[in-house]
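> Show me how the following folds:
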Amino acid sequence: MPERMSTTQPAPAARRKDPARRERIARAAITVVAERGVEKLTHRAVAAAAGVPLGSTTYYFATLDDLLASALRQAAADDVEHLRQWADGLQSGTDLAEALTDLVLHYLGPARAQTAVEHQLYIAALHRPALRHVSQEWDTALAELFAAYTDPATGRALSVVFCGLLLQGIVRESVPSRDEIETIFRRVLAPGAKT
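Here you go, the predicted structure:
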């Protein structure tokens, strides 16, 4: 008797988990904010930008504040990582005022769009208390990074000046001059820089 062929189809392969989906959604929220602004952020727009079903965005982020907090946290993590790489590249004896000036000009030049969206997310904390702790974490990380090259008080002052220069620079039609930026940093660093 001939062997019977099985007519049953193999079970469909189990759908793989998507461990990067949460981060992809957060990054998509950053993209939507960059294109439309914080006020026009919706779960639907983020789902489309991330290429995921709408239910995925609401599964991971029940409210828009949750979504914004995640986007802000992701933007902060990306920024702090960039700054750490910048700091790791500093040579011993580097003129810190010059290096910080170059960094500001980078953020206001080639990285201007990124700088603008990061500030939109940061400033969203003004009207959304749920975001304030994330903004404060970002401030702390920046101050600690700069303090590694100076002291805690000067590190904090540098972070405030740095953020102020970026905010003014993205709002103004023209970027401050290299001399103007460097002079400001030299004034802050004069008392206690470890350069």
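> C-alpha from now on. contacts and neighbour counts both.
OK.
> Just the buried residues of stretch 166-181, please?
Leu166, Leu167, Gly169, Ile170, Val175, Pro176, Ile181 (16 or more other C-alpha atoms under 10 Å).
> Need the max-distance pair from those.
Ile170 and Ile181 (14.1 Å; C-alpha to C-alpha).
> Which helix or which strand is home to Arg48?
Actually, residue 48 is Ala. It isn't Arg. If you go by DSSP states H and E, Ala48 is part of helix 43-50.
> what helices or strands is that helix leaning on?
When contacts are defined as 3 or more C-alpha pairs under 8 Å, 6 or more residues apart in numbering; DSSP states H and E, helix 43-50 packs onto helix 21-36, helix 54-60.
> if we compare the ones you listed, which one ends up closest to Arg186?
helix 21-36 (32.8 Å).
> residues contacting Ala29?
Leu41, Val46, Ala49, Leu67, Leu68, Ala71 (C-alpha atoms under 8 Å, 6 or more residues apart in numbering).
> Next, Tyr149: secondary structure please.
coil (DSSP: H, G, I helix; E, B strand; the rest coil).
> In this protein, which helix is the longest?
helix 64-88 (DSSP state H).
> Next SSE downstream of that helix?
Helix 64-88 is succeeded, C-terminally, by helix 96-108 (DSSP H and E).
> hmm, who's touching that following helix?
Contacts for helix 96-108 (C-alpha under 8 Å, 6+ apart): 90, 112, 114-115, 162, 165-166, 169-170, 175, 178, 181-182, 185-186, 189, 195.
> Now intersect those with the strands, please.
Using DSSP state E, no member of the contacts of helix 96-108 sits in strands.
> Any chance of CSV for the helices and strands packed on helix 43-50, columns mean pLDDT?
Formatted as CSV, the helices and strands packed on helix 43-50 follow (pLDDT from 0 to 100):
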stretch, mean pLDDT
helix 21-36, 93
helix 54-60, 93
